[in-house]
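Student: Predicted coordinates and the sequence they were generated for:
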Amino acid sequence: MLLHLAMPHPEFSLDLIHEATERLRPIVTRTPLERNERLSRRYGAEIFLKREDLQVVRSYKLRGAYNRIAVLTPRERKRGVVCASAGNHAQGVAFACARLGIPGTVFMPANTPRQKVARVRSFGGATVSVRLAGDTFDAAKDAALREAATTGAAFIDPFDDARVIAGQATVGVEIVAQGAAPADWVVGPIGGGGLMAGLGIYLKHVWPTVRLVGVEPEGAASMEAAFTHGGPVTLETLDTFVDGAAVRRVGALPYMLCRAVLDGLQTVEAGANCSTMIELYQNEGIVTEPAGALAISALDALADEITGQRVVCIVSGGNNDLARYPEILERSLVHQGLKHYFLIDFAQRPGALRRYLDEALGPDDDITLFEYVKKNNREFGPALVGIELADPDQLSPLLARMDGLGMAYERLDPANPLRRFLV
């Protein structure tokens with residue numbers, strides 16, 4: 001039986017979600033809700049994955065974009081639409097424009113993975129043009145707003161819009177329809193906040209006791225900052241690695257709705273998230289983008305609470321550029337304690353490197369990088385050395401052997417600014 005839930009904001013209502021559900025029924029894919037055996041065993045819980053990576057545009061963003069564009073008036077349609085996006089919202093807008101015959105202009109950060117840019121152009125065809133602007137979503141948004149003010153085109157916000165949020169809420173409608181029993185937990189990613197705001201409102205209406213957790217990248221926790229300050233604030237620094245969730249400032253409406261329905265927020269370190277992406281690919285053949293793996297990555301922090309519970313994780317997207325996998329693997333190895341970098345002073349004489357290989361490295365240790373940083377005629381010269389271990393417990397023995405050789409060295413911690421310039 002549905003319970004009454006007072007709306008935390010007058011702009012939003014359950015009616016908007018019901019309308020979106022009917023409007024999107026012939027448009028979007030009803031993505032699977034799959035029980036994951038591996039994760040269920042690991043956490044002693046029933047873990048289900050809501051596979052929005054299998055959506056038409058490989059992310060849930062189609063839902064909100066189409067729902068918003070479909071209600072434009074004939075006059076607004078003639079003027080066209082404009083949007084800003086790191087990729088997934090752009091693909092949803094492009095798909096909707098092509099389907100509805102509405103001209104669109106999409107602004108994307110210049111560092112958006114090429115695969116996402118190509119897919120926007122593919123979905124939009126002749127109806128959509130793509131412009132690259134700035135290095136962040138916020139810079140692209142500023143350019144898009146200027147374009148909208150100049151041309152009169154409708155700006156399709158990726159998250160701070162009631163109908164966009166209602167479209168994203170249909171993920172929750174499907175979860176309820178697909179679940180054999182109410183979920184105890186639903187965990188999903190937060191960028192601007194639209195997804196968790198929309199599905200949170202619906203799920204709390206149908207399953208009042210469900211616990212909702214929003215997950216953000218550690219370097220882009222804009223909703224956490226908003227909760228702390230009592231409203232949306234602009235982050236001074238932003239890590240854009242998890243590009244689908246790297247938003248400097250959450251939306252005002254998503255903040256109000258999330259504040260009313262979320263039971264918690266969780267941040268995830270990028271390396272841990274990369275490890276999740278690799279595990280999903282190696283074990284289940286699931287290709288996610290960084291934002292798509294956030295909900296699953298958060299399960300470690302929730303492990304003690306979810307034992308014996310039914311948990312739904314939103315796999316929000318699968319648009320990942322293959323060119324990014326070397327960095328994803330690197331971050332994962334560093335996070336697991338398997339990859340380490342050193343600046344080592346080698347004696348400038350024959351046999352110095354051979355001695356290091358023979359006496360410092362263990363039988364399963366592997367040098368993955370060796371580069372002299374500066375070449376000179378001094379007795380000692382520094383070299384940048386990358387070492388991959390077979391087991392993280394082998395680090396201490398490696399350091400002990402290096403100390404035994406009497407070689408001067410410095411281990412480059414992942415947080416060391418010098419490492420960013422050298423590696």
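Tutor: It's in. Numbers count the residues shown, from 1 in each chain.
Student: From now on I want contacts and neighbour counts done on CA atoms only, so please keep to that.
Tutor: Noted.
Student: where exactly do the helices run in the stretch 1-150 of the chain?
Tutor: For the stretch 1-150 of the chain, applying DSSP state H, counting those that start in this stretch gives helices covering 14-24, 37-43, 61-69, 74-79, 88-100, 114-124, 137-151.
Student: Low-confidence bits of the chain, can you list those?
Tutor: 1-6, 8, 373-380, 419-423 (pLDDT under 70).
Student: Swap in 50 and give it another go.
Tutor: Along the chain, the model assigns pLDDT under 50 to residues 1-4.
Student: what's the angle from the longest helix along it to helix 61-69?
Tutor: Ranked by residue count and defined by DSSP state H, the top helix of the chain is helix 162-178. Angle of helix 162-178 versus helix 61-69, following axes from the mean of the first three to the mean of the last three C-alpha atoms, to 10 degrees, is 130 degrees.
Student: centre of the chain versus stretch 104-112, how much separation?
Tutor: Mean-position distance between stretch 104-112 and its chain equals 17 Å (C-alpha atoms, centre = their mean, to the nearest Å).
Student: Start and end of it, how far apart?
Tutor: 19 Å (C-alpha to C-alpha, to the nearest Å).
Student: So which residues make contact with it?
Tutor: Defining contact as C-alpha atoms under 8 Å, 6 or more residues apart in numbering, one finds that stretch 104-112 is touched by 80-87, 90, 93-94, 97, 117, 127-137, 139-141, 143-144, 243.
Student: Would you mind listing the outside residues contacting whichever strand or helix holds Met256?
Tutor: For Met256, the host element (DSSP states H and E) is helix 252-261. Contact with helix 252-261 is made by 8-9, 159-162, 165, 192-194, 196-198, 200-201, 204, 212, 223, 226-227, 231-232, as judged by C-alpha under 8 Å, 6+ apart.
Student: could you flag which of the residues you listed are buried?
Tutor: 8, 159-162, 165, 192-194, 196-198, 200-201, 204, 212, 223, 226-227, 231-232 (16 or more other C-alpha atoms under 10 Å).
Student: follow-up on the earlier one: what's the angle between the longest helix of the chain and helix 14-24?
Tutor: Using the same axes, to 10 degrees: helix 162-178 against helix 14-24 is 80 degrees.
Student: moving C-terminal of helix 162-178, what's the next helix or strand?
Tutor: strand 185-189.
Student: so what does that following strand touch, helix or strand wise?
Tutor: helix 194-206, strand 211-217, helix 294-297, strand 310-315 (3 or more C-alpha pairs under 8 Å, 6 or more residues apart in numbering; DSSP states H and E).
Student: Tell me what angle it forms with strand 310-315.
Tutor: Comparing the axes of strand 185-189 and strand 310-315 via the same axes, to 10 degrees yields an angle of 10 degrees.
Student: residues of strand 185-189 that come out buried?
Tutor: Trp185, Val186, Val187, Gly188, Pro189.
Student: Need the residues you listed in TSV (columns: distance to His335).
Tutor: Listed next are the buried residues of strand 185-189 as TSV, based on distance: C-alpha to C-alpha, whole Å:
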residue	distance to His335
Trp185	27
Val186	26
Val187	23
Gly188	22
Pro189	21
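Student: all helices of the stretch 251-400 of the chain, in order?
Tutor: Going by DSSP H, counting those that start in this stretch, the stretch 251-400 of the chain shows helices at 252-261, 270-284, 294-297, 299-306, 325-335, 352-359, 395-405.
Student: With only the CA atoms kept, save the helix or strand that comes right after the last one in CSV.
Tutor: Looking back up the chat, that one is helix 395-405. Counting by DSSP H and E, the next helix or strand C-terminal to helix 395-405 is strand 409-412. This file holds the C-alpha atoms of strand 409-412, laid out as CSV (Å, rounded to 0.1, in the frame of the first residue of the first chain):
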residue,chain,number,x,y,z
TYR,A,409,66.0,6.8,-2.2
GLU,A,410,62.7,8.5,-1.7
ARG,A,411,59.3,6.8,-2.0
LEU,A,412,56.8,8.9,-3.9
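Student: can you list the residues that contact strand 409-412?
Tutor: So strand 409-412 is contacted by His340, Tyr341, Phe342, Leu343, Ile344, Asp345, Leu418, Arg419 (C-alpha under 8 Å, 6+ apart).
Student: Restricted to strands, list those.
Tutor: Within the contacts of strand 409-412, membership in strands is found for His340, Tyr341, Phe342, Leu343, Ile344, Asp345, as judged by DSSP state E.
Student: Now for Lys50: which residues touch it?
Tutor: When contacts are counted by C-alpha under 8 Å, 6+ apart, Lys50 touches Thr31, Pro32, Leu33, Glu34, Ile175, Val312, Cys313, Ile314, Val315, Ser316.
Student: Generate a ChimeraX selection restricted to the buried subset of the residues you listed.
Tutor: Selecting only the buried entries of those in ChimeraX, with 16+ other C-alpha under 10 Å as the criterion:
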select :31,32,33,175,312,313,314,315,316
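Student: export the contacts of Lys50 to JSON lines and tack on distance to Ala148?
Tutor: JSON lines is the format used below for the contacts of Lys50 (distance: C-alpha to C-alpha, whole Å):
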{"residue": "Thr31", "distance to Ala148": "33"}
{"residue": "Pro32", "distance to Ala148": "37"}
{"residue": "Leu33", "distance to Ala148": "38"}
{"residue": "Glu34", "distance to Ala148": "41"}
{"residue": "Ile175", "distance to Ala148": "36"}
{"residue": "Val312", "distance to Ala148": "38"}
{"residue": "Cys313", "distance to Ala148": "36"}
{"residue": "Ile314", "distance to Ala148": "32"}
{"residue": "Val315", "distance to Ala148": "32"}
{"residue": "Ser316", "distance to Ala148": "28"}
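Student: between the contacts of Lys50, which is closest to Asp300?
Tutor: Cys313 (12.7 Å; C-alpha to C-alpha).
Student: Make sure that closest one is actually in contact with Val186.
Tutor: Yes. Here Cys313 lies in contact with Val186, judged by C-alpha atoms under 8 Å, at a distance of 5.9 Å.
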